[in-house]
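Student: Here's my sequence, what's the structure:
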Amino acid sequence: MRHRKKINHLGRKSPHRKAMLSNMASSLIMNKRIFTTLAKAKALRVYVEPLITKSKEDSTHSRRTVFSYLQDKQAVSELFREVSQKIADRPGGYTRILKTGFRKGDAAEMCFIELVDYNTNMLKTAEDDTKKTRRSRRGKKSSDTTAEKPAVTPVAEVEPAVEDTTAEQPEAEVIEEVKAEAPAEETAETPEAPKEEKEDDNKKKDE
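Tutor: Predicted coordinates for the structure are as follows:
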């Protein structure tokens, strides 16, 4: 019985189990995704996530500590150079387990275990879900059309008003203007000066 035993021994002795998890952790860091059984993936998650947290502090001590677990220089350099920058803002939960079904031979449950920040497809879907709102599309379209095309009230063309000067003037002023114009026209029509000159010429001849 497994009373009060938290560690899954995975059917192996301690040195074999540690070597296997070390190799799997190195493969996960280098390839960012591996395919294994569900029991091994859960044991690997507990093994590798503290090492990823340790990589946030790039120092000689943390590098030596991680190397004591992985025993692989390339994996250590990859972890501290690239992976640590990618997961710098994440407080935890660096891995994701995706179940795929059962193996044919022994019906073992299989899965993918991967680093969360390197799965671009999952990141895109997460961003799209955050952009969605509860409003329906019909409401958005109607609101957008009303916002884009404001209602324009037709303005009728107004002709400029012609001022009637005669209507505003009183009748007395109109009559005075007519009288003032009348003598000027008469003098222009009847010139009398040439007749007087002719009469003077006739009187001189008679004398």
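
Student: Please work out which helix or strand belonging to the chain has the smallest mean pLDDT.
Tutor: Least confident helix or strand, the chain: helix 165-168 with a mean of 52, by mean pLDDT, DSSP states H and E.

Student: in this structure, which spans are helices?
Tutor: Counting by DSSP state H, the chain has helices at residues 14-31, 38-54, 60-70, 73-78, 84-86, 120-131, 137-148, 165-168, 171-189, 193-206.

Student: ok, of these, where does mean pLDDT dip lowest?
Tutor: Lowest mean pLDDT within these: helix 165-168, a mean of 52.

Student: who touches stretch 71-84?
Tutor: 22, 25-26, 29-30, 51-52, 55-56, 58, 63, 66-67, 70, 115 (Cβ atoms under 8 Å, 6 or more residues apart in numbering). C-beta coordinates here come from the backbone N, C-alpha and C atoms, glycine included.

Student: same deal with stretch 112-121?
Tutor: Identification of contacts with stretch 112-121 by Cβ under 8 Å, 6+ apart yields 28, 32-36, 41, 44-45, 83, 86-87, 90, 93-98, 100, 122-123.

Student: now with 10 Å?
Tutor: Residues from elsewhere that reach stretch 112-121 (Cβ atoms under 10 Å, 6 or more residues apart in numbering): 24, 28-29, 31-36, 38, 40-42, 44-45, 48, 52, 82-83, 85-90, 93-100, 122-123, 125-126.

Student: Could you list the buried residues of it?
Tutor: 113-119 (16 or more other Cβ atoms under 10 Å).
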